[in-house]
Every structure is written in C-alpha cells, then in structure tokens.
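Colleague: have a look at this prediction, sequence included:
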Amino acid sequence: MTIDRMGIHIGNVFYLRFYAMIIIAGAILGAFLASRLAKKKGQDPEVIWDMFPWVLIAGIIGARIWHILTPSPSLVAQGVTTWYYLTHPLKAIAIWEGGLGILGGVIGGILAIYFYTKSKKLDMLQWLDFLAPATILGQAIGRWGNFVNQELYGAPTNLPWKIYIEPAYRHSGFEDVAYYHPTFLYESIWNLIILGLLLWVGNRFSEKLIHGDIFLLYLIGYPIGRFLVEFLRLDSSTVIGININQWIMVVIAALAGAILVLRHVRRKPGSGIIENQTEIQS
C-alpha cells in the first residue's frame, strides 16, 4: 500500500481517492445527525438509514449531471464540454476525478426523498427538516475534497490564510501566481454557521415551526454564502455570459424566503397549520 497526495494505492488494482472518501464521510456523518434529529422528534431513526443509499446515489448522479451541463471555463478551454462528456461516457462517470455540482446533488437528493417518503406514506417536509442540517454538514465536510483536488479556489491573495496551488492546477493566465483564496474553506465555515443556525432554530422555536421551515431556512442560508463566495472564484461556470450558479442561488434564496414568510402569514394563530390547508404531506 502506498499513499500519495490524491489517495491511497492498494496493490495495483485499487486506488482510493481522498476526494471520494471525504464525500462519503460527510454523507455518513450527515445521516447520523439526521437520525438523531428524527429520534429526538419521536420518529424512527432507521428511516434515515433506509433512505440513505438512495439519497446518496441520487445526489451523486444529480451532482455529476449538473457538472456535465455546466462545465467551467477552464474545462471548456481544454475541450471538456457537455458534448465531450456525452461522447465520452467513461469520462462522464469518472466522479473520482472531481466535478460534482452541489445544486444538482441537492435536486437529486430531494427527488429521492420525495419518492421514498411517498412510497412509505411519510411526511416529506418533516423528513426534509431532519435532512437539511445533515446536508449542510455533508457540504461543509465535502468541500475539503476540493482542497485535496486543488480545485475551485479563489483569486490570488497574500492574506495570511492563503493556500498554495501547484503549477499543474493553476488556471491559464495565472501560471506564475502561487497563492490564492481558499474559497473551499470560506464555504465550509459558512456551512457550519448555517448548520448551527438550523439546529438552534429547530430547538428554540420548535413549537412555532411548520414542517418544512428548517429546509426553507437551509435554502436561504446556503445560497447567500455561495453567492458571496462566487465573487472570489476564478473559474465559475457561465451560461450565456452569466455566472449560472451564482444567480440560481439568488433565485432559490428569494423564493425560499418568500415561501417561508407567506406560509407563516397564512397560518392561523395557535393552530399549528396553514390556513385552509391541513399538514402538507409528500
């Protein structure tokens, strides 16, 4: 067994990449947190572990599809476009080489949760509330995979917390620049702050919350941080000249915020339900 910067070689057959191990570790720790939250609310924590493989697989597939549909400018410059992936299927599934889009992962995970909760006749919004903190924890951990792969770093900087990027991983036009903003770290810290906020709100205002509120707070909190971090990135995905990830985050945060406000405005005082609606089921 040998270890290099990117992973662990086991004989001449297996190569365990740190990137993949970090992603999996984040998912498992997130599932553990969700199971604890479910148990605290009197729900069966085993439901989390039963849906875990489906959510994980769907999340990874969704994240990869998003990456394929929105390749970064540096990849496009190398000829790695959406069409390239479609005509090179082995490269399209090579997630161990990096390339996962968070937004696609969240969409894929939500779809898996929808079908699972529907088949089991569970309240989807309640389980999304358990899984929102789990998701943001997984993202906080998973961002360190970008550090291992030396990708998604920010603009050049001389700040004390700057990170060194090896020449092979520097973008065109920055070949002679060694130090950059650790945007993965900024996003990881922001995600931990949002995690703390979700847990605090869920505990402090539990009697005032409607199922789905914690999930909506996640859809507000994470996009705000991602929007700000995108200003520092050198290689953000663009569609018709705009930073697609950044502006989708604006739309998501705005919609989630509007829904959160409206559903509480329409709530009957002291009833615990939304006016003219029973508890929303999946």
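Modeller: Noted; the coordinates are in hand. Computed from a predicted structure; not experimentally measured.

Colleague: drop to CA atoms for contacts and neighbour counts, all remaining ones
Modeller: Noted.

Colleague: how about low-confidence regions in the stretch 51-200 of the chain?
Modeller: For the stretch 51-200 of the chain, the stretches with pLDDT under 70 are 96, 98.

Colleague: the closest residue to residue 179 other than its chain neighbours: what's it in contact with?
Modeller: Spatial nearest neighbour of residue 179, excluding adjacent residues (Cα to Cα, 6 or more residues apart in numbering): residue 164 at 4.7 Å. Residue 164 makes contact with 178, 179, 180, according to Cα atoms under 8 Å, 6 or more residues apart in numbering.

Colleague: how about the last one: what's its closest non-neighbour residue?
Modeller: The shortest distance from residue 180 to any residue that is not its chain neighbour, by Cα to Cα, 6+ apart, is 4.1 Å, and that residue is residue 156.

Colleague: was I right about that neighbour contacting residue 173?
Modeller: No: the criterion here is Cα atoms under 8 Å, and residue 156 misses it with residue 173 at 11.5 Å.

Colleague: between those two, which one's more packed in?
Modeller: residue 156 (19 against 7; other Cα atoms under 10 Å).

Colleague: now do the phi/psi pair for that one.
Modeller: Main-chain torsions, residue 156, degrees, to the nearest 10: phi -60, psi 150.

Colleague: tell me how far it lies from residue 123.
Modeller: Residue 156 sits 47 Å away from residue 123, taking Cα to Cα, to the nearest Å as the criterion.

Colleague: go on, residue 72?
Modeller: Taken as Cα to Cα, the span from residue 72 to residue 123 is 38 Å.

Colleague: neighbour-wise, which of those two wins?
Modeller: Shown here are residue 72 and residue 123; by other Cα under 10 Å, residue 72 has more neighbours (21 against 17).

Colleague: find the nearest non-adjacent residue to the more buried one, please.
Modeller: That would be residue 237: by Cα to Cα, 6+ apart, it lies 4.3 Å from residue 72.

Colleague: so the closest residue to residue 211 other than its chain neighbours is in which element?
Modeller: Nearest non-adjacent residue to residue 211, counting by Cα to Cα, 6+ apart: residue 126, 4.9 Å away. Using DSSP states H and E, the element containing residue 126 is helix 124-142.

Colleague: from residue 8, how far out is the residue most central in space within the chain?
Modeller: When Cα atoms, centre = their mean is applied to the chain, the residue found nearest the centroid is residue 102 (4.0 Å). Distance, residue 102 to residue 8, using Cα to Cα: 25 Å.

Colleague: and residue 83, by the same measure?
Modeller: Applying Cα to Cα, the value for residue 83 to residue 8 is 32 Å.

Colleague: looking at the two, which is more packed in?
Modeller: residue 8 (15 against 11).

Colleague: how far away is the more buried one from residue 97?
Modeller: For residue 8 relative to residue 97 (Cα to Cα), the value is 14 Å.

Colleague: again with residue 204
Modeller: Counting by Cα to Cα, the gap from residue 204 to residue 97 is 42 Å.

Colleague: so how many other residues sit close to residue 175?
Modeller: 13.

Colleague: same deal with residue 207?
Modeller: Using other Cα under 10 Å, residue 207 is surrounded by 10 other residues.
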